[in-house]
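K.L.:
fold the following and give me the result.
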Amino acid sequence: MISKEEVEHIAKLARLELTEEEIIKMQADMSAILDYFALLQKAPKITERPAFAKGYGEARKDEILPRDAGLVEKLIKATPDKKDDYIKVKTIL
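P.N.:
Alright, predicted model coming up:
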């Protein structure tokens, strides 16, 4: 557990005035954080790239998807508010 003096020193560096109760709470909180970092350091290191990242840095080839010819017209006809071939929507701020 992190010592009371260390918490007081960190509080002083951060220009915080802590009560005794706050110091005790900070001791527990900071100890929990440091324990978690210790746990992360014990985790196995990844030496190989995951399958999804193998082609990282290379541009993917764009593909043209097949288009449903009547889909756009069906969508426009189904909307309650439209102008010409555009769908009207509420203003978003």
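K.L.:
switch to C-alpha atoms for all contacts and neighbour counts from now on
P.N.:
Noted.
K.L.:
neighbours around residue 23, how many?
P.N.:
19 (other CA atoms under 10 Å).
K.L.:
pLDDT score assigned to it?
P.N.:
According to the prediction, residue 23 has pLDDT 95.
K.L.:
tell me the contacts of it?
P.N.:
If you count contacts by CA atoms under 8 Å, 6 or more residues apart in numbering, residue 23 has them with 4, 7-8.
K.L.:
can I get the residues you listed in a markdown table with secondary structure?
P.N.:
A markdown table is the format used below for these (DSSP: H, G, I helix; E, B strand; the rest coil):
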| residue | secondary structure |
| --- | --- |
| 4 | helix |
| 7 | helix |
| 8 | helix |
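K.L.:
of those, buried ones?
P.N.:
By neighbour count, with 16 or more other CA atoms under 10 Å, the contacts of residue 23 hold 7-8 as buried.
K.L.:
can you tell me which of the contacts of residue 23 is nearest residue 66?
P.N.:
residue 7 (62.6 Å; CA to CA).
K.L.:
state the distance from residue 33 to residue 71.
P.N.:
From residue 33 over to residue 71 the distance is 53 Å, taken as CA to CA, to the nearest Å.
K.L.:
and residue 65, by the same measure?
P.N.:
13 Å.
K.L.:
can you list the weak-confidence ranges in the protein?
P.N.:
Along the chain, segments meeting pLDDT under 70 span 49-60.
K.L.:
try it again with 80
P.N.:
Scanning the chain for pLDDT under 80 picks out 46-69, 72, 76, 84-85, 93.
K.L.:
do you have the strands of it handy? List them.
P.N.:
Here the chain has its strands, by DSSP state E, at 82-83, 86-87.
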